[in-house]
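Chemist: kindly generate the corresponding structure for this input.
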Amino acid sequence: MSEQPRTQRKTVDIYTDGACSGNPGPGGWAAILSYGGRQKEISGGMHHTTNNRMELFAVISALGALKESCDVSVHSDSTYVVDAFVKKWIESWQKRGWKTSDNKPVENQDLWRLLLITMRKHDVRFIKVPGHADHPENNRCDELAKMEVQLQIKRLSESSQEAESAG
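Modeler: Just a heads-up that it's a prediction; the model follows:
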């Protein structure tokens, strides 16, 4: 019986960013998935969140959008996200039962755990890009994330006005 050749996995570049107005406050996230010369933009927001949660949610959402196992390079300006993997903080947190080096609970554990689950089927590496530099994809993600923040602010304002007029 002959062995089936392993199919080549797709190589995908993902660019992410998160934004928040206040911390916590209305937030937005965005990602660009790039494969074979094509790009797909995704974004979303939450009405009460933090910048770090939006940075994490951008990566989780982008990886979750991939339909098959891929080799992925995640490009982010978030030191928080990139260093967790590059400097192996996440491994240390897990070994210590999700505690930091000063024995405090790791913040955003729910999203870190979800990110690890989302990463399982992919080979993922993290690359730090300079924030607010002349990096087209990072700049576009920043723009999309900020648009989502504004959308959340508008929704909060509208629901506040509806509550006032109903009361």
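Chemist: number of nearby residues for the closest residue to Lys10 other than its chain neighbours?
Modeler: With sequence-adjacent residues excluded and distances taken as Cβ to Cβ, 6 or more residues apart in numbering, Lys10 is closest to Cys70, at 4.7 Å. For glycine as for every other residue, the C-beta is placed from the backbone atoms N, C-alpha and C. A count of neighbours around Cys70, defined by other Cβ atoms under 10 Å, yields 19.
Chemist: mind starting the numbering at 33 from now?
Modeler: Sounds good: first residue 33 from here, last item Cys102.
Chemist: and Cys102, what does it touch?
Modeler: 41-44, 154-155 (Cβ atoms under 8 Å, 6 or more residues apart in numbering).
Chemist: which of the helices or strands spans Glu190?
Modeler: helix 168-198 (DSSP states H and E).
Chemist: buried residues, that helix. List them.
Modeler: Of the residues in helix 168-198, 169-174, 176-178, 180-181, 183-185 count as buried by neighbour count, 16 or more other Cβ atoms under 10 Å.
Chemist: cool, and stretch 44-58?
Modeler: Neighbour-count burial for stretch 44-58 flags 44-52, 57-58 (criterion: 16+ other Cβ under 10 Å).
Chemist: equivalent analysis for stretch 118-137, please.
Modeler: In stretch 118-137, the ones that count as buried by 16+ other Cβ under 10 Å are 121-122, 125.
Chemist: what's the weakest-modelled helix or strand in this structure?
Modeler: Lowest mean confidence among the helices and strands of the chain (mean pLDDT, DSSP states H and E): helix 168-198, at a mean of 87.
Chemist: mind listing the strands for the protein?
Modeler: 42-52, 57-67, 70-81, 102-108, 155-160 (DSSP state E).
Chemist: so who does Ile159 touch?
Modeler: Ile159 touches 105-108, 114, counting by Cβ under 8 Å, 6+ apart.
Chemist: show me where pLDDT drops low in this structure?
Modeler: Applying pLDDT under 70 to the chain flags the ranges 33-39, 164, 192-199.
Chemist: can you tell me how far the residue nearest to Leu146 when sequence neighbours are not counted sits from Gly50?
Modeler: Of all residues not flanking Leu146 in the chain, Ile92 sits nearest, at 5.6 Å (Cβ to Cβ, 6+ apart). Distance, Ile92 to Gly50, by Cβ to Cβ, to the nearest Å: 11 Å.
Chemist: next, give me the two most distant ones among the buried residues of stretch 44-58.
Modeler: Of all pairs drawn from the buried residues of stretch 44-58, the greatest distance, 31.2 Å, lies between Val44 and Gly57 (Cβ to Cβ).
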